[in-house]
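**Q** got a sequence here, can you build the structure:
(chains A and B)
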Amino acid sequence: DVKVTQSSRYLVKRTGEKVFLECVQDMDHENMFWYRQDPGLGLRLIYFSYDVKMKEKGDIPEGYSVSREKKERFSLILESASTNQTSMYLCASSDHPTDLYEQYFGPGTRLTVT
Amino acid sequence: AQKVTQAQTEISVVEKEDVTLDCVYETRDTTYYLFWYKQPPSGELVFLIRRNSFDEQNEISGRYSWNFQKSTSSFNFTITASQVVDSAVYFCALSEARDGGSQGNLIFGKGTKLSVKP
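**A** Predicted coordinates for the structure are as follows:
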């Protein structure tokens, strides 16, 4: 089974802190994604990566950065956390785009910024 | 621009009732892909189905069925004889094909929360 793990299920940080959210997948997938999920807004793509050291902005990249130094790991970084970044963060991975394009999701990290 | 609309924010049914979750999409491309995901209370999204724009055949998988109609830009999801374990948030998503026929990123609807009561 594909497994996508996220470093924390729940995280509480203070405004202005630098926050790292880690995601690891064990299926040698090429593509990895970070979304945030907010009530009434669904899932919105923050950043994605199609290869190691490669990243592309999604729909809402402001206030975030990412790092992909190894194929299995994709990190989301909040340089200076703000209260409007309180949200559920979901990581996903998928194989190289083919006809079988399923994204496999991790359990999510619920981040609260106070 | 791509857009996915799930007009039903919340639906509540009693166990064994049939329920249909609506999904309407917008895209200018002729080649695209549609998906349904389930998010149970545990939080992890689970892939249910993928459909490409050239395949309008309806699909049935156990108690689940999907009705894809290009004429109305809809990809509706029906659960027959619902069960309490079906309680979850269901997301419809759209992906347009990129150059070369591969798939682009997913655009999600806002989700429909289904509550199935015993």
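**Q** stretch A:14-27 vs chain B: in contact?
**A** No. On the criterion C-beta under 8 Å from any C-beta of the partner chain, stretch A:14-27 is out of touch with chain B, staying 12.8 Å away. Using the backbone N, CA and C atoms, a C-beta is placed for each residue, glycine as well.
**Q** contacts for that stretch, please.
**A** Contact with stretch A:14-27 is made by A:2-8, A:11, A:13, A:32, A:34, A:72-83, A:89, A:91, A:93, A:95, A:104, A:106, A:109, A:111, A:113-114, as judged by C-beta atoms under 8 Å, 6 or more residues apart in numbering or on different chains.
**Q** endpoints of that stretch, how far apart?
**A** 34 Å (C-alpha to C-alpha, to the nearest Å).
**Q** from the middle of its chain, how far away would that stretch be?
**A** Computed by C-alpha atoms, centre = their mean, to the nearest Å, the chain-centroid distance of stretch A:14-27 equals 8 Å.
**Q** likewise stretch A:106-114?
**A** 11 Å.
**Q** what helix or strand does the most centrally placed residue in chain A sit in?
**A** For chain A, the residue sitting closest to the mean C-alpha position, by C-alpha atoms, centre = their mean, is A:Trp34 at 2.7 Å. Following DSSP states H and E, one finds A:Trp34 within strand A:31-38.
**Q** what's the neighbour count on the residue lying closest to A:Ile60 once chain neighbours are set aside?
**A** Among residues not flanking A:Ile60 along the chain, A:Arg44 sits closest, at 5.1 Å (C-beta to C-beta, 6 or more residues apart in numbering or on different chains). By the measure other C-beta atoms under 10 Å in any protein chain shown, the count of residues near A:Arg44 is 15.
**Q** and chain B, which residues reach chain A?
**A** Residues of chain B lying close to chain A by C-beta under 8 Å from any C-beta are B:9, B:33, B:35, B:37, B:42-47, B:50, B:52, B:91, B:95, B:98, B:102-106, B:108-111.
**Q** point out where chain B drops to low pLDDT.
**A** Along chain B, segments meeting pLDDT under 70 span B:97-104.
**Q** now do the strands in it.
**A** B:3-5, B:10-14, B:19-21, B:24-26, B:32-39, B:46-52, B:59-61, B:64-69, B:74-79, B:88-96, B:107-108, B:112-117 (DSSP state E).
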